[in-house]
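Peer 1: Next come a sequence and a model predicted from it.
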Amino acid sequence: MVSRADLSFLPAVEVDGQEYPDYPGMARIYAEEVVSGRLIACRFVKLACRRYLDMLAEAGGPKANYYFSVEWAVDACDFAEKMPRSKGGRPGERIVLQPWQCVVLCAVFGFRRDDPDFPATKGQRLTRDVYLEVPRGSGKSEILAIVALYCFTCEGEEGSQVFIGAPKEDQAHKVFLPITAMIDKEPELVSAFGLKKTLKHVTKQGDPSAEIRMVSSIAEREDGHDPHVVIMEELHAQDEGLYHVMQSAMGKRTNNLFISITTAGRRATGICWQVRARLISALEGRHREPAFFGMIYTVDPEDLKDKRSLGKPEIIRKANPMYGISLDPSQLIEARVKALSQSPSALLDWERTRLNIWSNGAGGLVLPEKWAACRAKMALQDFAGCDVWIGADLASKRDITAIGLMFNEAGKVQIFNRYYVPEQSDSFGNANVGAMYQSWAADGHLIVTPGGVTDYEFIEADIREWARTFNARAIAFDKWQSNQILSRLYNAGLPALQTPSGMQTISDPAKDFFALIDAGLLEHDGHPVTEWMAMNVVGYIDKRENLLPQKDEPNSANKIDGISALIAANVVRLDAMLDVETKKPNVYEKRGLMGFDDARA
């Protein structure tokens, strides 16, 4: 990596008659080195640096509604280097910014608004949203503490309220304690701004409503906040409800900042994965969002083809901006060797925390990047008149029910899901998934049926409508809860049938389904509930190498019903393909309807 020592040749920059290190110059050189390929970096860092340089070039130009302020960039970086180390180091040792950190601070504080349509915001910070994904040991907590203190003391925001959000208070302490440690070690900061601290708050003399405080999902997630800055440390582990409450409160001030920093998560789903995807979209130029800045330090997809390469120094260096600076390369490599000797889960955890590789836990069957690559711009109505295979995973009466629709057009398999849940389902109040269910219901991704139990009439009505719209080849149910709805559909002349639910029936269609994802031959519409469930699927393989997709734990709230429904659809799709190829009668037609052989008589 490029270190601060490597850029010691840069002359000082003068601001208001005083000389300072050329922080903007360090940021620019780092970005240029990354973009040129002279500095090893992953694709996302290259895109972020390219975007930063492009914004610098555009700033102040005729097409830009912002400019770059060297003064603000230098001030923020200078403030950071006046701060003492919150832990470790020698007594009195100060923070020394590395070039990649200069990019972050210059991007956040250097770009200023200059929009003629909104003259009241002129000179305010352009950046209002930040997402940083960096591995463990990159100094996340200290950077967040610096941002919190700088905004609180130096942005001139009356009644500045800085909230540190976390699911539990002990997690919020990871940022709050470095803030208080810096205050304890820097008496000039205290005297200049009249700072006072308690176990849970930092206040400012002469500004009674100003405070820095922790907000947890347990006690303080109510509405009514007026944040100047919101900090979410380890976003992948955050409470989604708290995130949405804080986001919804951000419009009350024009100079606000929402900053999230995290390592990779254990499940490529939820709010962190969504924010990450939004940043990638902006970095790739698929949408323009100059007020959103972010960087993702990780490895590239080609590095994952042979996982043995993940132990190479050049791969580890790519994902770690503090490699060889505060991170000892030998310790990183030794930690991987130790994880290899322990267990697959230990190795997955090393890859997640040290290389920012998102995982779904041990045994996860769907890689996040593979699933993302299968997303296609399509809608269910696009397939009117096409052959469709439908699979159903009927829930217990108070749980989620999933229907999967599968098409086979243009050499690929297209999938859609519909989900139904009773309005009184316990899942809406579940501590782990309740906020997601509520959000999905509000956005129409869950069909909420009235009452306390699943109303199968809604599901039956939709299936009948699909049978009129598409050419329904088979509608597959398992034995669970299906007798009534199945007999009505069968008696109506629809190709409804029961499929065996054993491992031998499921294994080959399941393997085929996951192979389609790996090969990029499956297309989905990006349904967030299906994505969540795909990331939840783990695989049990018996001694005959049969595969049974399962949840991580029998009573886990992490559902897989949508994937189970799609695999049920794939069972009858593959059976239909076999009929076409061998001209044999359909096994289900030969057998008749299990349990209802005489239903039509």
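Peer 2: That came through fine. Numbers count the residues shown, from 1 in each chain.
Peer 1: any low-confidence regions in the stretch 51-200 of the chain?
Peer 2: 89 (pLDDT under 70).
Peer 1: in it, which spans are helices?
Peer 2: Along the stretch 51-200 of the chain, the segments classed as helices by DSSP state H, counting those that start in this stretch run 70-82, 99-110, 140-154, 169-185, 187-193.
Peer 1: residue ranges for the strands of the stretch 251-400 of the chain, please.
Peer 2: 257-262, 292-296, 387-393 (DSSP state E, counting those that start in this stretch).
Peer 1: which stretches of the stretch 251-400 of the chain aren't confidently modelled?
Peer 2: 360-363, 396-397.
Peer 1: ok, which stretches of it are helices?
Peer 2: In the stretch 251-400 of the chain, the helices defined using DSSP H, counting those that start in this stretch lie at 270-283, 313-319, 329-342, 344-355, 368-373.
Peer 1: Most tightly packed of those helices?
Peer 2: Most buried of the helices of the stretch 251-400 of the chain, by mean neighbour count (mean count of other C-beta atoms under 10 Å): helix 270-283, with a mean of 20. Yep, even glycine has a C-beta here, placed from its N, CA and C like the rest.
Peer 1: Which residues outside that helix are in contact with it?
Peer 2: Defining contact as C-beta atoms under 8 Å, 6 or more residues apart in numbering, one finds that helix 270-283 is touched by 44, 47-48, 51, 131, 133, 235-236, 238, 240, 243-244, 260, 262, 265, 267, 287-289, 292, 294, 296, 358, 368, 372, 436, 528, 532.
Peer 1: do the same with stretch 116-123
Peer 2: 65, 112-115, 254-255.
Peer 1: if you set the cut-off to 7 Å instead, what comes out?
Peer 2: 112-115, 254 (C-beta atoms under 7 Å, 6 or more residues apart in numbering).
Peer 1: In it, which residues are buried?
Peer 2: Thr121 (16 or more other C-beta atoms under 10 Å).
Peer 1: Please compute how far that stretch lies from its chain's middle.
Peer 2: 33 Å (C-alpha atoms, centre = their mean, to the nearest Å).
Peer 1: Please export the alpha-carbon coordinates of it; PDB is fine.
Peer 2: Provided in PDB are the C-alpha atoms of stretch 116-123 (Å, rounded to 0.1, in the frame of the first residue of the first chain):
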ATOM      1  CA  PRO A 116     -28.300  27.900  -7.600                       C
ATOM      2  CA  ASP A 117     -31.600  26.200  -7.000                       C
ATOM      3  CA  PHE A 118     -30.800  25.900  -3.300                       C
ATOM      4  CA  PRO A 119     -28.800  28.900  -2.400                       C
ATOM      5  CA  ALA A 120     -29.400  28.400   1.400                       C
ATOM      6  CA  THR A 121     -27.200  25.300   1.200                       C
ATOM      7  CA  LYS A 122     -24.200  27.000  -0.500                       C
ATOM      8  CA  GLY A 123     -21.000  26.100   1.200                       C
END
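Peer 1: rewinding a little: between the helices of the stretch 51-200 of the chain, which one is closest to Met406.
Peer 2: Closest approach to Met406 among these (C-beta to C-beta): helix 169-185, 41.4 Å.
Peer 1: can you state the direction angle for the closest one and helix 140-154?
Peer 2: Orientation of helix 169-185 against helix 140-154 (axes from the mean of the first three to the mean of the last three C-alpha atoms, to 10 degrees) gives an angle of 60 degrees.
Peer 1: Check which helices and strands helix 169-185 sits against.
Peer 2: helix 140-154, strand 161-166, strand 195-197, strand 201-204, strand 207-216, strand 229-233 (3 or more C-beta pairs under 7 Å, 6 or more residues apart in numbering; DSSP states H and E).
Peer 1: Could you dump these into TSV and include mean neighbour count?
Peer 2: Shown next, in TSV, are the helices and strands packed on helix 169-185 (neighbours: other C-beta atoms under 10 Å):
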stretch	mean neighbour count
helix 140-154	23
strand 161-166	24
strand 195-197	17
strand 201-204	17
strand 207-216	18
strand 229-233	26
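Peer 1: Let me have the ones you listed in a markdown table, adding distance to Arg488 as columns.
Peer 2: Converted to a markdown table, the helices and strands packed on helix 169-185 look like this (distance: least, C-beta to C-beta, whole Å):
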| stretch | distance to Arg488 |
| --- | --- |
| helix 140-154 | 56 |
| strand 161-166 | 49 |
| strand 195-197 | 67 |
| strand 201-204 | 62 |
| strand 207-216 | 49 |
| strand 229-233 | 49 |
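Peer 1: can I assume Lys185 is in contact with Pro84?
Peer 2: Yes. Lys185 lies in contact with Pro84 (C-beta atoms under 7 Å); the separation is 4.0 Å.
Peer 1: The contacts of stretch 116-123: which two are farthest apart?
Peer 2: Farthest pair in the contacts of stretch 116-123, by C-beta to C-beta: Asp114 and Thr254, 13.7 Å.
Peer 1: So which of the two has more stuff around it?
Peer 2: Asp114 (18 against 13; other C-beta atoms under 10 Å).
Peer 1: Using CSV, write out every CA atom in stretch 393-410.
Peer 2: Extracted C-alpha coordinates of stretch 393-410, given in CSV (Å, rounded to 0.1, in the frame of the first residue of the first chain):
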residue,chain,number,x,y,z
ASP,A,393,-44.4,-24.3,0.0
LEU,A,394,-47.5,-23.9,2.2
ALA,A,395,-46.7,-22.7,5.7
SER,A,396,-48.2,-23.4,9.0
LYS,A,397,-51.2,-21.2,9.4
ARG,A,398,-49.3,-18.3,11.1
ASP,A,399,-46.1,-18.4,9.0
ILE,A,400,-45.0,-17.3,5.6
THR,A,401,-46.3,-19.1,2.5
ALA,A,402,-44.2,-19.1,-0.7
ILE,A,403,-45.2,-19.7,-4.3
GLY,A,404,-42.5,-20.1,-7.0
LEU,A,405,-43.1,-19.7,-10.7
MET,A,406,-40.5,-21.0,-13.2
PHE,A,407,-40.3,-20.4,-16.9
ASN,A,408,-37.8,-21.8,-19.4
GLU,A,409,-37.3,-19.3,-22.2
ALA,A,410,-34.5,-18.3,-24.5
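Peer 1: What distance do you get for the residue nearest in space to the middle of the chain to His287?
Peer 2: Nearest residue to the geometric centre of the chain (C-alpha atoms, centre = their mean): Trp273, 0.9 Å. Distance check for Trp273 against His287: by C-beta to C-beta, to the nearest Å, it reads 17 Å.
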